[in-house]
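**Q** Sequence and predicted structure below; questions after.
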Amino acid sequence: MDESFKTIEFIDNTLILIDQRLLPQKVEYFLCKTFLDIEFAIRDMVVRGAPAIGATAAYGVYLAAYEFQSLEGSQFEKKFDEAITFLNNSRPTAVNLVWATKIMKEKYESVKHENKNRVLEILLHLAHTIKEDDIAINKELSKIGSSVVPQKATILTHCNTGALATAGWGTALGIIKTAFYENKEIFVYADETRPRLQGARLTAWELQQANIPSTLISDSVAATLIRDGKIDVVILGADRVASNGDVCNKIGTFMLSALCKMYHVPFYSAAPVSTIDFAMKSGGEIIIEERDAREVTFIGTEQIAPTGFNVYNPAFDVTPHAHVTGIITEKGILRAPFNESIEQLRISLQK
């Protein structure tokens, strides 16, 4: 079963994104005709979620090549490289962004001797492939991940990891949907996910669309539910996974992992292999994005804090691998010792 909406669609040289800033009150679409539009869409969170950002950025690289196609030789190379750097800097934490632009740049380097129309065709085809592969990967990941969901489980999730966070279907929320469609009679608690409220605005909307029994909670309620034995498993996503199994995800994830560790609740991160940064030794190396204070001092257009008050607003935190029960990927579930299981995965991918 698929969603009634599309997160990402490319028609007539235009990338069409569902505008996640407006959900759930409005379902409207944001049109990207240039790589500048795509950079804005990523930075301003028209689109968000590591896999969705990666697929979107791939189209951004194509649109940059399309825009600069009239330039010759070194002039094209300079503008093209600047555009990729610009896209890479739109949000610094999610690894899928630079993963996708790197693949696109490598493909360009391998075919740049072809005529320009052919180069553009190849780049566009690769962007399409990245998008379609993400959907297929998410569905495979979800089938594998459904095995950790017991019959009649009560699941807690955080942020949004569904079709809206990916090219389609989703990661952690994809697992939840798959378990539901397998008739496991699940129930879901969704954290609101301050300060951007992706859980309230997006996950609740997706759960409603899928008719999955669920309840929205404020982030601070999760501790009580976990303490009182009302949560069977916590499943959420990842924006970057280090080679030792440390997981970088939406702010609030570390807090949940510590509670799960204390009360012996299984804690899973769901992420495609593309989210694993094999070159990064630990989560301590991850650059954590800090966002505008207005995300905390305002809810929508309503100011809720004193003007000029200092705000610390990290978008992500790092969960130590010792708190993680497993990392669910399309290649299987990685378990401790994570430095060994992730290294084995890296080696298998090279064969």
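**A** Thanks, I have it. Residues are numbered from 1 along each chain as shown.
**Q** for this protein, which helix is longest?
**A** helix 116-145 (DSSP state H).
**Q** quick one: contacts for Phe267?
**A** Val233, Val234, Leu256, Ser257, Cys260, Lys261, Thr319, His323, Val324, Thr325 (CB atoms under 8 Å, 6 or more residues apart in numbering). Backbone N, C-alpha and C define where each C-beta goes, glycine included.
**Q** coming back round to it: what are the buried residues along the longest helix of the chain?
**A** Within helix 116-145, the residues that count as buried by 16 or more other CB atoms under 10 Å are 116, 119-120, 122-124, 126-127, 130-131, 133-135, 137-142, 144-145.
**Q** now for it, which elements pack on it?
**A** Secondary-structure packing of helix 116-145 (3 or more CB pairs under 8 Å, 6 or more residues apart in numbering; DSSP states H and E): strand 8-11, helix 50-67, helix 95-111, helix 172-181, strand 267-270, strand 326-329, strand 332-334.
**Q** What residues of the last one count as buried?
**A** Within strand 332-334, the residues scored as buried using 16+ other CB under 10 Å are Ile333, Leu334.
**Q** neighbouring strands for it, and are they parallel or not?
**A** strand 326-329 (antiparallel) (DSSP bridges).
**Q** Give me the contact list for the partner strand.
**A** 141, 144-145, 148, 171, 175, 235, 238, 241, 245, 247, 266, 268-273, 276, 333-335, 338, 345.
**Q** Select only the buried ones of those residues in PyMOL?
**A** The following PyMOL line selects those of the contacts of strand 326-329 that are buried, judged by 16+ other CB under 10 Å:
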select buried, resi 141+144+145+148+171+175+235+238+241+245+247+266+268+269+270+271+272+273+276+333+334+338+345
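**Q** Dump the helices and strands packed on helix 116-145 to JSON lines, plus mean pLDDT.
**A** Converted to JSON lines, the helices and strands packed on helix 116-145 look like this (pLDDT from 0 to 100):
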{"stretch": "strand 8-11", "mean pLDDT": "97"}
{"stretch": "helix 50-67", "mean pLDDT": "96"}
{"stretch": "helix 95-111", "mean pLDDT": "95"}
{"stretch": "helix 172-181", "mean pLDDT": "98"}
{"stretch": "strand 267-270", "mean pLDDT": "98"}
{"stretch": "strand 326-329", "mean pLDDT": "98"}
{"stretch": "strand 332-334", "mean pLDDT": "98"}
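**Q** Now the ones you listed in a markdown table, please, with extra columns for distance to Gly73.
**A** Converted to a markdown table, those look like this (distance: least, CB to CB, whole Å):
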| stretch | distance to Gly73 |
| --- | --- |
| strand 8-11 | 28 |
| helix 50-67 | 14 |
| helix 95-111 | 14 |
| helix 172-181 | 44 |
| strand 267-270 | 44 |
| strand 326-329 | 41 |
| strand 332-334 | 45 |
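**Q** Between these, which one is closest to Leu197.
**A** helix 172-181 (15.7 Å; CB to CB).
**Q** tell me the mean pLDDT over the helix or strand just after the closest one?
**A** Toward the C-terminus, helix 172-181 is succeeded by strand 187-191 as the next helix or strand (DSSP states H and E). Here strand 187-191 scores 98 as its mean pLDDT.
**Q** who's in contact with strand 187-191?
**A** 153-159, 176, 199-200, 203-204, 207, 212-219, 221-222, 225, 231, 252, 256.
**Q** 6 Å instead, please
**A** 154-158, 176, 199, 203-204, 212-217, 219, 222 (CB atoms under 6 Å, 6 or more residues apart in numbering).
**Q** low-scoring stretches of the protein, by residue?
**A** For the chain, the stretches with pLDDT under 70 are 1.
**Q** Quick one: residues contacting the residue sitting furthest away from the middle of it.
**A** What lies farthest from the middle of the chain is Glu72; by CA atoms, centre = their mean that is 36.0 Å. Residues near Glu72 by CB under 6 Å, 6+ apart: none.
**Q** Report the separation between it and Ile347.
**A** As for Glu72, its distance to Ile347 is 42 Å (criterion: CB to CB, to the nearest Å).
**Q** and what of Phe267?
**A** Distance from Phe267 to Ile347, by CB to CB: 26 Å.
**Q** Show me where the stretch 251-351 of the chain has its helices.
**A** Here the stretch 251-351 of the chain has its helices, by DSSP state H, counting those that start in this stretch, at 253-263, 294-297, 338-350.
**Q** how far does the shortest one sit from the chain's center?
**A** Relative to the centre of its chain, helix 294-297 is centred 22 Å away, using CA atoms, centre = their mean, to the nearest Å.
**Q** likewise the first one?
**A** Remark: helix 253-263 is offset 21 Å from the chain centroid, using CA atoms, centre = their mean.
**Q** Show me the contact partners of that helix.
**A** Contacts for helix 253-263 (CB under 6 Å, 6+ apart): His158, Ala223, Ile226, Val234, Phe267, Asp317, Thr319, His323.
**Q** Please put the alpha-carbon coordinates of that helix into PDB.
**A** C-alpha atoms of helix 253-263 as PDB (Å, rounded to 0.1, in the frame of the first residue of the first chain):
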ATOM      1  CA  THR A 253      16.400  11.200  20.900                       C
ATOM      2  CA  PHE A 254      19.300  10.900  23.400                       C
ATOM      3  CA  MET A 255      16.800  11.600  26.300                       C
ATOM      4  CA  LEU A 256      14.600   8.800  25.100                       C
ATOM      5  CA  SER A 257      17.500   6.400  24.700                       C
ATOM      6  CA  ALA A 258      18.600   7.100  28.300                       C
ATOM      7  CA  LEU A 259      15.100   6.300  29.600                       C
ATOM      8  CA  CYS A 260      15.000   3.100  27.500                       C
ATOM      9  CA  LYS A 261      18.300   2.100  28.900                       C
ATOM     10  CA  MET A 262      17.200   2.700  32.500                       C
ATOM     11  CA  TYR A 263      13.900   0.900  32.100                       C
END
